[in-house]
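> what follows is a predicted structure for the sequence shown.
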Amino acid sequence: MTETTDRVKAALRAQRIETPSWAYGNSGTRFKVFTQPGVPRTPFEKIDDAAQVHAFTGVAPTVALHIPWDTVDDYRALADHAAERGVALGAINSNVFQDDDYKLGSVTNPDPRVRRKATDHLLDCVSIMDKTGSRDLKLWFSDGLNYPGQDNLARRQDRLAEALREVYDRLGDDQRMLVEYKLFEPAFYATDIPDWGTAFAHCVELGPKAQVVIDTGHHAPGTNIEFIVAFLVRQKRLGAFDFNSRFYADDDLMVGAADPFQLFRIMHEIVRGDALKPEAGIAFMLDQCHNIEAKIPAIIRSVLNVQEATAKALLVDVDALEAAQDAGDVLESNEVLMDAYNTDVRPLLAELRTDMGLDPDPVRAYRRSGYGDRISADRVGGDQAGWGA
Ligand code: LRH
Ligand code: MN
Ligand code: MN
């Protein structure tokens, strides 16, 4: 048991979870944005909040930016600010979905002027990466159609491929392009990158620096996401996760809240594919919005949820599982997996945190710290939203 515990703890200690800058700001639905006191007024303050999440969890040392929500004059100054707070800037998320010009699409738009504008934004994001030292450019396109016949589906794929190629060729040696898919919304009839297969095909066409992102909220209900994970890991094309929970659509709730068993099954495929270690190149990121709950503790809770699922996945008795699988023992294989899932890993994680010099209960420790009260008093007029406000 001690050997297992040591192995599990070492893997958990090395795990890295990236938090999204936009999760610290106000967000909501199209019906209402409920503003919260103390939300960041600038990208610098978002970094300050992300640093709190890292300080209490010890495993969230990077924060993803979204451009233009996090546009600043001096990206090096932002990177220096992050370093002073003990964190670093992570993926750069592009945004070609919030401009009137993109009503009929961005890089797939029938109008070449709009396509040029969208592609230029993506190229600008690569220039920002050069300054921030970010490795990853994350691309999500809201492009799609609401009505059959609205545009030529195949030609839109050609336009998409052309834009992706131009951006891919601009990437530096250590930079990557992460292609995110999403079934629907805002387009309701057809989305130009609706699924992992489309994202995968474009990535294969582009080259090894193009990788697929799995946003766990972007699938049809009942989709077997762990199958997609296993497939992409095997193909060495899984670049990142955008973790969150969904009940109905792209709900962006806290990861592990709606379906902790699914999260475990996903992490099991990661562990089985030897893809947990940072060298495997999979970025574990959160992509969430905290509309009604306090943001920083919710993000801390989300990090803990990922850790819990990971710990359970690491506890799967691989030898027993393989023996049962090879023997075709259906019940035994399933039981071995469920044994790990049903283990209470909270004491192990509390012990790990104590080993790391952290409080074993990060959410309560954050609450006790008084940081939330301080930012509520100090930050007047914060609305660094992105979403909705
Ligand atoms: C799209 C998405 C994508 C965006 C983020 C804010 O639904 O998941 O990753 O960049 O939300
Ligand atoms: Mn996402
Ligand atoms: Mn989404």
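Sure thing, it's come through. Ligands and ions are numbered 1, 2, ... in the order given.
> residues in contact with the nearest residue to Leu253 once chain neighbours are set aside?
Sequence neighbours aside, Ser245 is the residue nearest to Leu253 in space, at 4.2 Å (criterion: Cβ to Cβ, 6 or more residues apart in numbering). Glycine gets a C-beta too; all of them are placed from N, C-alpha and C. For Ser245, the residues meeting the contact criterion (Cβ atoms under 8 Å, 6 or more residues apart in numbering) are Thr216, Gly217, Asp251, Leu253, Met254, Val255, Gly256, Ala257, Ala258, Asp259.
> what number of residues lie near the residue nearest to the fifth one when sequence neighbours are not counted?
Residue nearest to Met254 in three dimensions, not counting chain neighbours: Ser302, with 4.7 Å by Cβ to Cβ, 6+ apart. Other residues lying near Ser302 total 27 when counted by other Cβ atoms under 10 Å.
> one more: the one 10 residues further on?
Neighbour count for Lys312, taken as other Cβ under 10 Å: 26.
> how about Val318?
Taking other Cβ under 10 Å as the criterion, the count of residues near Val318 is 13.
> give me the PyMOL select line for the contacts of Ser245, limited to the buried ones.
What follows is the PyMOL syntax selecting those of those that are buried according to 16 or more other Cβ atoms under 10 Å:
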select buried, resi 216+217+251+253+254+255+256+257+258+259
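> among the contacts of Ser245, name the ones in strands.
Nothing among these maps onto strands, per DSSP state E.
> name the helices or strands packed onto the helix or strand where Ala199 lies?
Ala199 is located in helix 196-206, with elements delineated by DSSP states H and E. Helices and strands touching helix 196-206, by 3 or more Cβ pairs under 8 Å, 6 or more residues apart in numbering; DSSP states H and E, are helix 153-170, strand 176-180, strand 210-215, helix 225-234.
> list just the nearest of the contacts of Ser245 to ligand 2.
Sorting the contacts of Ser245 by distance to ligand 2 puts Gly217 at the head of the list, at 7.2 Å, by Cβ to the ion.
> in this structure the closest one contacts Arg246, no?
Yes. Taking Cβ atoms under 8 Å as the definition, Gly217 is a contact partner of Arg246 at 4.2 Å.
> can you report how many residues neighbour the residue lying closest to Ala249 once chain neighbours are set aside?
Taking Cβ to Cβ, 6+ apart, and ignoring the residues beside it in sequence, Ala249 has Glu185 as its nearest neighbour in space, at 6.4 Å. Using other Cβ under 10 Å, the number of residues around Glu185 comes to 12.
> same question for the one 4 residues further on.
Around Tyr189 there are 13 other residues, counting by other Cβ under 10 Å.
> I figured it hits Gly149, correct?
No. Checked against Cβ under 8 Å, the pair Tyr189 and Gly149 is beyond contact range at 9.5 Å.
> rewinding a little: using CSV, please lay out the helices and strands packed on helix 196-206 together with mean pLDDT.
Conversion of those to CSV gives the following (pLDDT from 0 to 100):
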stretch, mean pLDDT
helix 153-170, 99
strand 176-180, 99
strand 210-215, 98
helix 225-234, 98
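> which ones are touching Asp111?
Asp111 makes contacts with Leu104, as judged by Cβ under 8 Å, 6+ apart.
> how much space between it and Lys117?
9 Å (Cβ to Cβ, to the nearest Å).
> residue ranges for the strands of the chain, please.
Taking DSSP E, the strands of the chain run over residues 17-20, 62-66, 88-93, 136-139, 144-145, 176-180, 190-191, 210-215, 238-243, 283-286.
> show me what counts as buried in the third one.
When you say that, I think you mean strand 88-93. Within strand 88-93, the residues that qualify as buried by neighbour count (16+ other Cβ under 10 Å) are Ala88, Leu89, Gly90, Ala91, Ile92, Asn93.
> the first one pairs with what?
For Ala88, the residues forming beta bridges with it (DSSP bridges) are Thr62.
> just give the nearest non-adjacent residue to whatever residue of the stretch 51-200 of the chain ends up closest to ligand 1, would you?
When scored by Cβ to the nearest ligand atom, the stretch 51-200 of the chain has Trp140 as its residue closest to ligand 1, at 3.8 Å. Of all residues not flanking Trp140 in the chain, Glu180 sits nearest, at 4.0 Å (Cβ to Cβ, 6+ apart).
> test my guess that the one you found contacts Pro194.
No. Under the criterion of Cβ under 8 Å, Glu180 is not in contact with Pro194, lying 11.2 Å apart.
> out of those two, which sits in the busier spot?
Just comparing Glu180 and Pro194: by other Cβ under 10 Å the higher neighbour count belongs to Glu180, 21 against 18.
> for that one, list the residues it contacts.
Each residue near Glu180 by Cβ under 8 Å, 6+ apart is listed here: Lys138, Leu139, Trp140, Ile193, Ala199, Val212, Val213, Asp215, His218, Asp242.
> 7 Å - rerun?
Lys138, Leu139, Trp140, Val213, Asp215, Asp242 (Cβ atoms under 7 Å, 6 or more residues apart in numbering).
> what about it, distance to Asp215?
6 Å.
> what touches both of those two?
Residues touching both Glu180 and Asp215 (Cβ under 7 Å, 6+ apart): Asp242.
> residue contacts, the closest residue to ligand 1 within the stretch 251-389 of the chain?
Shortest the stretch 251-389 of the chain-to-ligand 1 distance, computed as Cβ to the nearest ligand atom: residue-wise this is Asp287, at 5.0 Å. Counting by Cβ under 7 Å, 6+ apart, Asp287 makes contact with Pro20, Asp215, Asp242, Phe243, Asn244, Asp252.
> re the thing from before, what separation do you get for the residue nearest to Trp140 and Ile292?
Separation of Glu180 from Ile292 (Cβ to Cβ) stands at 25 Å.
> just Arg155 next, same as before
In this structure, Arg155 and Ile292 are separated by 42 Å, where distance is defined by Cβ to Cβ.
> so what's the spatially most central residue of the chain bridging to?
Closest to where the C-alpha atoms of the chain average out (Cα atoms, centre = their mean) is Asp242, at 2.4 Å. For Asp242, the beta-bridge partners under DSSP bridges are Asp215, Met285.
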